[in-house]
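Asks: okay, structure incoming, though there's no sequence with it:
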């Protein structure tokens with residue numbers, strides 16, 4: 001397995017383009033203001049890089065400083081399309097994605113004022129087969145590194161119905177009050193065991209969403225980021241997982257009332273962002289990223305007007321949820337752009 005595939009990137013502006021430098025460390029506090037604040041960072045030494053979901057304020061600052069005031073909320077990710085980065089052990093996308101939701105810790109008991117546990121279950125239940133999630137199916141694995149358009153080649157990311165494969169209320173003991181990345185990774189491995197996914201094959205197209213309760217989140221939440229996804233090694237193979245804090249605790253920084261979509265909008269905007277990024281870059285950074293290290297969700301985060309603005313969408317089962325747009329290489333005659341359906 002190549003060390004490069006798990007290496008974070010430092011991204012530097014040069015002549016108006018983004019240049020990726022592998023094998024250099026980057027912390028979440030030290031990112032340049034004219035580099036997309038979503039992307040790969042090291043949060044804990046000894047752990048693999050995480051791909052962070054930026055706060056509303058971080059994206060506002062980036063768009064104003066790199067594109068000008070006129071593009072404050074309405075410029076998406078530019079025309080820099082995603083390309084394939086070779087996969088990790090041959091895995092770059094989730095060809096038949098399954099989501100396992102873990103409500104971690106006894107702190108969840110009688111402590112869910114926004115109803116986030118049920119909202120997340122309803123969202124993951126309905127999202128499969130939606131036109132919103134369908135944009136991930138243009139991306140694939142089993143093709144050469146640097147590929148931008150898969151066509152009929154390779155094995156494509158999937159968008160099946162019934163993506164929610166299980167929910168585990170792991171509430172016999174308390175989760176750490178401010179869990180570290182290594183503790184979150186360990187809980188993802190525990191979840192794999194709980195759900196019986198105890199081989200590398202069974203985890204090749206699976207993601208574990210580790211949701212922490214009201215008042216119980218990792219340091220950095222709503223200040224440096226709203227959520228992030230990563231992977232960890234285990235006796236069960238590589239495990240893809242998301243750190244999903246109690247989103248309404250982050251207020252407007254993490255989507256409360258974003259674009260007039262309601263106080264709970266951030267729950268599914270951020271949850272959907274992380275899910276779609278894992279589908280297209282399951283074990284960061286072996287999947288689909290642009291030359292600055294941004295994934296399909298990063299490039300379209302927190303757009304409030306114009307093409308790709310966050311909106312409420314309806315899923316095949318009739319449920320409706322606020323979501324952000326996702327980057328599509330195929331949009332606008334392959335020039336690329338942020339889309340809410342595909």
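Replies: Arrived safely, thanks for sending. All of these numbers come straight from a predicted model, not from anything done at the bench.
Asks: I'd say residue 137 and residue 156 touch.
Replies: Yes - shown here, residue 137 and residue 156 form a contact pair, counting by Cβ atoms under 8 Å, at 5.3 Å. To be clear about C-beta, it is placed using only N, CA and C from the backbone, and glycine gets the same treatment.
Asks: show me where pLDDT drops low in this protein?
Replies: Applying pLDDT under 70 to the chain flags residues 1-34, 68-79.
Asks: what ranges do the helices span in it?
Replies: Along the chain, counting by DSSP state H, helices occupy 56-67, 116-127, 181-194, 265-280, 331-334.
Asks: minimum distance to residue 324: which of those has it?
Replies: Residue 324 lies closest, by Cβ to Cβ, to one member of the helices of the chain: helix 265-280, at 5.1 Å.
Asks: list the helices and strands the closest one packs on?
Replies: strand 50-53, helix 116-127, strand 206-211, strand 227-232, strand 239-244, strand 320-323 (3 or more Cβ pairs under 8 Å, 6 or more residues apart in numbering; DSSP states H and E).
Asks: same thing but 6 Å
Replies: Judged by 3 or more Cβ pairs under 6 Å, 6 or more residues apart in numbering; DSSP states H and E, the packing partners of helix 265-280 are helix 116-127, strand 227-232, strand 320-323.
Asks: and it, how far out from the chain middle?
Replies: In this view, helix 265-280 has its centroid 5 Å away from the chain centroid, taken as Cα atoms, centre = their mean, to the nearest Å.
Asks: what's the angle from it to strand 239-244?
Replies: Inter-element angle recorded for helix 265-280 and strand 239-244: 160 degrees (by axes from the mean of the first three to the mean of the last three Cα atoms, to 10 degrees).
Asks: got a list of contacts for helix 265-280?
Replies: Contact with helix 265-280 is made by 53, 93-94, 97, 116, 119-120, 123, 136, 139, 157, 207, 226-227, 229, 240, 242, 247, 254-256, 258, 287-288, 295-297, 310, 321-324, 326, as judged by Cβ atoms under 6 Å, 6 or more residues apart in numbering.
Asks: quick check: closest non-adjacent residue to residue 126.
Replies: In this structure, residue 126 finds its nearest non-sequential neighbour in residue 315, 3.7 Å apart by Cβ to Cβ, 6 or more residues apart in numbering.
Asks: check the gap between the one you found and residue 268 for me.
Replies: According to Cβ to Cβ, to the nearest Å, residue 315 stands 11 Å off from residue 268.
Asks: neighbour count winner among these two?
Replies: Neighbour comparison, residue 315 and residue 268: the larger count goes to residue 268, with 27 against 21 (by other Cβ atoms under 10 Å).
Asks: and for that one, nearest residue in space, chain neighbours not counted?
Replies: Using Cβ to Cβ, 6+ apart, the closest residue to residue 268 is residue 321 (4.3 Å).
Asks: okay, now that neighbour: neighbour count?
Replies: For residue 321, the count of nearby residues is 23 (other Cβ under 10 Å).
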